[in-house]
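> Give the three-dimensional model of this entry:
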Amino acid sequence: MKQPADRREDGLRPAWSRFYRRFPAYVWVCLTVMLSTQMMVYYGTRILLPGRTLHVMTCALDDRIPFLPGWVTVYFAAFLSWAVSVIWILSESRPVAYRLTAAYPLALAVSAVVFLVYPGTMVRPEIVGSGFFADWMRFLYRVDSPTNLCPSLHVLISYFCWRGTFGCRRIPRWYKGFNLLFLILVCCSILFVKQHAVVDIPAALVIGEAALQTARIWRLERIGYAVERGLQRGKKGKGRA
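Numbering: from 1, shown residues only. Below is the predicted model:
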């Protein structure tokens, strides 16, 4: 016997509600800020690229790296890994969450400057044959143009997911080790699927660490606390009105 549509939807809402309420509200605010900034940089810089001279980022070492379509699985698996890692890190504590949320947009801002000042590109191989990996490679090349290469955002985000676990007591050591291993796998995958050049990897690592150190030295987590206090004052003002 089929249940009415509204009853089925009501059955799904508690599951999502339980997951949402499992984490403090600031986790979702920080996650929204990070994701929004990433989307603005990723798509915003590409709007400004037409008409600019693109520089080939590959070198002789890149030509020696084989094209291995099977590594596209790691490339796409990174999206799930990021979601789990970032939510876990943000839920550690407010100071950790606010500092990471301040450092990440800073790293993306520097990346955006590089994308626009020295826009890169590369020649990607032709996908031949058919099959699971070939189809996914065609999909990847279709939805992601060979621009915004240096630094690699794939590596940058994976680096944040590993470095962000430092000092997190709630995250077990095995998961921290997994994130380091997965960072290495991501670095390999972007080269094997010919989505990035070798130089894109160290550029992402340097920019990511510089942003994290800047956030630590300048205590940029204070921005999050200031925003939180402002929102609380706003709520109190509405309550009195």
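> ranges for the helices of the protein?
According to DSSP state H, the chain carries its helices in the segments 5-21, 25-47, 60-64, 72-90, 94-117, 132-143, 153-163, 173-192, 200-217, 221-240.
> can you pull the contacts of M122?
Neighbouring residues of M122 by CB atoms under 8 Å, 6 or more residues apart in numbering: V56, M57, T58, D62, P146, L149, K194, H196, A197. For the C-beta atoms, the positions are set from N, CA and C on the backbone; glycine is no exception.
> Let me know the pLDDT of the last one.
Note on A197: pLDDT of 97.
> now the second one
Looking at M57, its pLDDT is 94.
> ok, how many other residues are close to it?
Here the count is done by other CB atoms under 10 Å, and M57 has 20 residues near it.
> same thing with the third one?
A total of 19 residues lie near T58 under the criterion other CB under 10 Å.
> Look up how far P66 lies from it.
14 Å (CB to CB, to the nearest Å).
> Might you list the low-confidence residue ranges for this protein?
Within the chain, the stretches with pLDDT under 70 are 1-13, 15-17, 20, 234-241.
> Show the contacting residues for the most centrally placed residue in it.
Centroid-nearest residue in the chain: I157, 3.9 Å away (criterion: CA atoms, centre = their mean). I157 sits next to Q38, A78, W82 when contact means CB under 8 Å, 6+ apart.
> Just the buried ones among the contacts of M122, please.
M57, T58, D62, P146, L149, K194, H196, A197 (16 or more other CB atoms under 10 Å).
> what about the fourth one, distance to L54?
Between P146 and L54 the distance is 9 Å, computed by CB to CB.
> Check the last one too.
Distance of A197 to L54, given as CB to CB: 13 Å.
> Find residues that contact each of those two.
With CB under 8 Å, 6+ apart, A197 and L54 have common neighbours G120.
> Spatially nearest residue to D62, not counting backbone neighbours?
Using CB to CB, 6 or more residues apart in numbering and skipping the chain neighbours, the partner closest in space to D62 is A197 (5.1 Å).
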